[in-house]
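K.L.:
Let me see the structure of the following:
(one chain, ligands or ions: 2)
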Amino acid sequence: MTHILRLGVNIDHVATIRNARGGDHPDPVRAAEIVARCGGDGITAHLREDRRHIRDEDLRRIQDATDLPLNLEMAATDEMLAIALAHKPHAACIVPEKREERTTEGGLDAAGLHNHIAPIVGRLLDAGIRVSLFIEASERQLDAALQLGVPVVEFHTGEYAHARLDGDSARLEKELKRVADMAALAAKNGIEPHAGHGLTYENVQPIAAIPHLAELNIGHYLIGEAIFCGLEPAVLKMRELMDDAR
Ligand SMILES: CC(=O)[C@@H](O)[C@H](O)COP(=O)(O)O
Ligand SMILES: NCC(=O)COP(=O)(O)O
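P.N.:
Ligands and ions are numbered 1, 2, ... in the order given. Model prediction:
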């Protein structure tokens, strides 16, 4: 069953734990199979340049193990373009990437990097891959996405998550409005808006309630919760919170 607000489960951090010791346990493919069984709508995996979590061989194994659509998060590099074209995931989300960062700190500067990104977007679209840009919820970046002709954008909700952690309600409201306004503008212009980064049981509902959003991608928190309660209950609880918010 496809949900009106889809949940893409990012399984990167299963691979982070695996890689902490080498070997093959815990296997992100097993996580993808569980997500498929318990009603997740998609699998998201970020193949980083430094391969700190997902590795090349994981991609094919994930694609072989489940029918769920794979959303490959990738930097705008020739290396990642070649990998995406070889694997043909359902979707490719172009993300900014810095080797020294702990996580994806902000959105892609789609406006400033237009000339660099345009040919990569073109090659992915020509291959039939649904291209998404992981951007800040701003008019400048949304306009750049429109110029690039992508069908999807994913708004980075990191600032929203930080405002919530800091207990700063004015900032929280501002961040929420920014995502809601840009989701409406994206939809009005024919771009499907998604959101993700830093979403948790505590902060997901106001985002899930934004009517134009079609998909949330959630990873780190879910994998963390899975340590305590199991992946299936963690995914089901997130699903329930999202559904209740709609
Ligand atoms: C782009 C993004 O937000 C996700 O890929 C997620 O944060 C997990 O990957 P990292 O923690 O390596 O950024
Ligand atoms: N694109 C965001 C994503 O896939 C998951 O981010 P997080 O929940 O791991 O912060």
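K.L.:
Only C-alpha atoms from now on, for both contacts and neighbour counts.
P.N.:
Noted.
K.L.:
three-state assignment of the closest residue to ligand 1 within the chain?
P.N.:
Taking CA to the nearest ligand atom as the measure, the chain has T103 as its residue closest to ligand 1, at 3.6 Å. Under the three-state scheme (DSSP: H, G, I helix; E, B strand; the rest coil), T103 adopts coil.
K.L.:
how many other residues sit next to it?
P.N.:
10 (other CA atoms under 10 Å).
K.L.:
roughly how far apart are it and E49?
P.N.:
Computed as CA to CA, to the nearest Å, the T103 to E49 distance reads 13 Å.
K.L.:
quick one on the thing from earlier: so what pLDDT did the residue of the chain closest to ligand 1 get?
P.N.:
pLDDT recorded at T103 is 88.
K.L.:
Can you report phi and psi for it?
P.N.:
phi -150, psi 180 (degrees, to the nearest 10).
K.L.:
With H53 as the reference, measure out to it.
P.N.:
11 Å.
K.L.:
same question, A91
P.N.:
19 Å.
K.L.:
Give me the neighbour count for D166.
P.N.:
With other CA under 10 Å as criterion, D166 counts 11.
K.L.:
before we move on, what about H116?
P.N.:
12.
K.L.:
ok, now how distant is it from D109?
P.N.:
11 Å.
K.L.:
And for G158?
P.N.:
Distance from G158 to D109, by CA to CA: 15 Å.
K.L.:
would you list every one of the helices in this protein?
P.N.:
12-21, 28-37, 56-65, 78-87, 114-126, 139-148, 158-165, 169-188, 204-208, 220-229, 231-245 (DSSP state H).
K.L.:
how about these in CSV, adding mean pLDDT and distance to ligand 2?
P.N.:
Below are these laid out as CSV (pLDDT from 0 to 100; distance: least, CA to the nearest ligand atom, whole Å):
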stretch, mean pLDDT, distance to ligand 2
helix 12-21, 98, 8
helix 28-37, 98, 14
helix 56-65, 98, 15
helix 78-87, 98, 17
helix 114-126, 98, 18
helix 139-148, 98, 16
helix 158-165, 97, 7
helix 169-188, 98, 14
helix 204-208, 98, 10
helix 220-229, 98, 4
helix 231-245, 98, 12
